[in-house]
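got a predicted structure here, sequence first:
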Amino acid sequence: MMSEASGPRGLQGNLTNYGDAGFALFLRKAFIKGAGYTDDALDRTVVGIVDTGSGFNPCHGNMPQLIEAVKRGVMLAGGLPVEFPTISLHEAFSQPTSMYLRNLMSMDTEEMIKALPVDAVVLIGGCDKTVPAQLMGAASAEKPAIQLVTGSMLTGSHRGVRVGACTDCRAFWGRYRAEEIDSEEIADVNGRLVGSVGTCSVAGTASTMACVAEALGVSLPGSATPPAVTADRTRYAELTGQRAVRMADEGLGLDRILTQGAFENAFRVLLAMGGSTNGLVHLAAVAGRMGYSLDLDRFDAMSRETPVLVNLKPAGSHYMEDLHRAGGVPRLLRELRDLLNTDELTVTGRTLGEELDDSEEPFPQDVIRPRDRPIYPAGGIAVLRGNLAPNGAIIKQAAADQDLLEHRGRAVVFEGAEDLARRIDSEDLDVRADDVLVLRGIGPVGAPGMPEAGYIPIPRTLARQGVKDMVRVSDGRMSGTAAGTIVLHVSPESAIGGPLALVREGDIVRLSVRDRAIELEVSDEELRRRAEEPRPEASPPPPGAGRGYRKLFTEQVNQAEAGCDFGFLRAETDRGPVPGPASVSASTAAGPGRTDD
């Protein structure tokens, strides 16, 4: 039985301190009554609605409709809805990268929730870093909160072929770089890839985080997958508003929902849907706000026993609207049920198991596969270690060229994104198809912000020869919409002295996903010698690096395995690791050294 919320409610909460609480409430009511509110309205449960709409954010283009529907739901439940803005992030409209601003958005979200007189809050977001930022902020704010995602875009069509952002964006651009299609066709397809407002229609970061949020229990069952412009999306918005009022009345906070078991459920869904590698970074950050630390080895053990079941691009062939029609996350959770912690509480006030008991019965479809007929036999993401990544690296093995998962090749090294852009298409670049492209200087500190430049393009000379994939290694990230044999999140990053900084042109790099290894075939003695060599003088810092947010970011940001959050934002109490020790079976708990997959 949940306890009633305690403490001042409604407009009496979070009063500005003038030394006279009565005057503070009098002043607050005087101002808000200027907007036309009555005392009856102002005496009700107040639900804040986070507005992340922006003209630069088409992923949030349905924000006005969602806000109105949430308001309707709040009022139907007897509450008072009040919207307020926070930062809005869009991947394509955030320089140097939206990841650079994610922590700032989380701080904005946290501090506004703490500052305003809200009894509960509805978090409306969608594009890549928005949902993680909102969950990070709400987890730290310690008030009842419920997530509502904006929903995915509709697919488009190009010359009779169904297309959607942004896996198909990358596929067509790769064909254009290889001179398989001309400038006229690439211009034509540019206007057909995005069929409506909404987030990417594949298993990119936005879709991944939507599904992960539902698995965490912080959004309503079934709400992750309805496309942005559908009636289902609007109905879920109304229901979310209603539920927010009840959560406020029940005092149901995220501290009771974001538990170790809930994070384990989220990791299962991340793996089973072939989700974005970014999802692991974001989950580590949200978990850190609750005092949990990501255990990469246990995550890898979990991956070994969790097949990819969702036939969604880039690992599969379908789109988010197909996943919704197939039953969405509840259908996937039913397939994974024996691997889940079903006693975990959700925002509905009921356990995950109770929600699954009442979910729709399965029906024939080919988007969510049964366990005996997976898209990929092991989890979508594998953890790698070795002398190139002592603290870990990851690879999205389900979206890689399977022939390259065991590979040795000569390193072709790029010193940052600018060097990559300058040389990758040079006719003079000494590169072969069996080489390993190494890009450093794009980690959390080095870039800054760990941009998605880890999806290193195939050199134009090789693309014209028909090369579609190569082994690529970096300390950066890549979009969840991308595919390829790409080793990411190498930690520690090169900018803070990680071994990636010691790689030289022509060194042999070994990738073995079977052995969970990413290694430089250079002796320890030689690496120590290289590390002791004087380095060229660092170039002067870019303008602004010595002050402001950039200074704060580079001084405080953690590495990928800690979620790239700021150290001072992590919870003060340590609650242990996630996944926990009981999260995987004994047969897979041997960890990254096992080779009998």
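Nice, I can see it.

going forward, measure contacts and count neighbours with C-alpha atoms only.
Will do.

and Ser303, how many neighbours does it have?
Counted with other C-alpha atoms under 10 Å, residues neighbouring Ser303 total 25.

where does the stretch 1-150 of the chain dip in pLDDT?
The model of the stretch 1-150 of the chain has pLDDT under 70 over residues 1-6.

show me what counts as buried in the longest helix seen in the chain.
Identified as the longest helix of the chain according to DSSP state H is helix 231-250. Across helix 231-250, burial judged by 16 or more other C-alpha atoms under 10 Å covers 232-250.

now do the helix or strand just after that helix: everything it contacts.
Next helix or strand after helix 231-250 toward the C-terminus (DSSP states H and E): helix 260-272. Here helix 260-272 makes contact (C-alpha atoms under 8 Å, 6 or more residues apart in numbering) with 208, 211-213, 215-217, 276, 279-280, 283, 287, 292, 299, 302-303, 306-310, 332-333, 339-341, 344, 379-381, 577-580, 583.

what mean pLDDT does the helix or strand just after helix 260-272 have?
Proceeding N to C from helix 260-272, the next assigned helix or strand is helix 278-289, under DSSP H and E. Across helix 278-289, pLDDT averages out at 98.

same check, this time on stretch 312-330
Across stretch 312-330, the average pLDDT comes to 95.

next, the buried residues of that stretch.
Quick answer for stretch 312-330 (16+ other C-alpha under 10 Å): 312-316, 318-324, 326-330.

just the CA atoms of it, as CSV, please.
Taking Å, rounded to 0.1, in the frame of the first residue of the first chain, the C-alpha atoms of stretch 312-330 are listed here in CSV:
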residue,chain,number,x,y,z
LEU,A,312,14.4,-3.4,-36.7
LYS,A,313,16.9,-1.4,-38.8
PRO,A,314,19.9,-1.2,-38.7
ALA,A,315,20.3,-4.8,-37.4
GLY,A,316,17.0,-5.9,-39.1
SER,A,317,14.7,-4.6,-41.8
HIS,A,318,11.6,-3.0,-40.2
TYR,A,319,10.7,0.4,-38.8
MET,A,320,9.2,1.7,-35.5
GLU,A,321,5.7,1.9,-36.9
ASP,A,322,6.0,-1.8,-37.6
LEU,A,323,7.2,-2.5,-34.1
HIS,A,324,4.1,-0.6,-32.8
ARG,A,325,1.7,-2.7,-34.9
ALA,A,326,3.4,-5.9,-33.8
GLY,A,327,2.6,-5.2,-30.1
GLY,A,328,5.4,-2.8,-29.1
VAL,A,329,7.5,-3.2,-26.0
PRO,A,330,4.9,-5.2,-24.0
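
got the contact list for it?
Residues outside stretch 312-330 that contact it (C-alpha under 8 Å, 6+ apart) are 152, 154-155, 164, 167, 201-203, 207, 211, 214-215, 221-222, 224-227, 273-274, 310-311, 356, 359-360, 362-363, 365-368, 375, 398-399, 481-483.

let's see it at 6 Å
In this structure, residues lying in contact with stretch 312-330 by C-alpha atoms under 6 Å, 6 or more residues apart in numbering are 201-203, 225-226, 311, 398-399, 481.

just the buried members of the residues you listed?
201-203, 225-226, 311, 398-399, 481.

count of neighbours near Thr342?
Residues near Thr342, counting by other C-alpha under 10 Å: 18.

you'd agree it is up against Leu352?
Yes. Between Thr342 and Leu352 there is a contact at 5.0 Å, judged by C-alpha atoms under 6 Å.

which residue is nearest the centroid of the chain?
Gly279 (3.6 Å; C-alpha atoms, centre = their mean).

for it, give its distance to Lys396.
Distance of Gly279 to Lys396, given as C-alpha to C-alpha, to the nearest Å: 11 Å.

count the neighbours of Arg570 for me.
Around Arg570 there are 21 other residues, counting by other C-alpha under 10 Å.

what sits closest to it if chain neighbours are left out?
Nearest residue to Arg570 in three dimensions, chain neighbours excluded: Arg289, at 4.8 Å (C-alpha to C-alpha, 6 or more residues apart in numbering).

can you verify His407 is assigned to a strand?
Yes. Under DSSP: H, G, I helix; E, B strand; the rest coil, His407 falls within a strand.

show me the beta-bridge partners of the closest residue to it other than its chain neighbours.
Of all residues not flanking His407 in the chain, Leu511 sits nearest, at 5.2 Å (C-alpha to C-alpha, 6+ apart). Beta bridges link Leu511 to His407, Ile518, judged by DSSP bridges.

can you tell me how far Leu511 sits from Ile32?
In this view, Leu511 and Ile32 are 62 Å apart by C-alpha to C-alpha.

name the residue in these two with the higher neighbour count.
With neighbours defined as other C-alpha under 10 Å, Leu511 and Ile32 compare such that Leu511 has more, 26 against 13.

that one and Leu520, how far apart?
9 Å.

could you do Cys169 as well?
33 Å.

these two: who's more crowded?
Neighbour count, other C-alpha under 10 Å: between Cys169 and Leu520, Leu520 has more, with 25 against 19.
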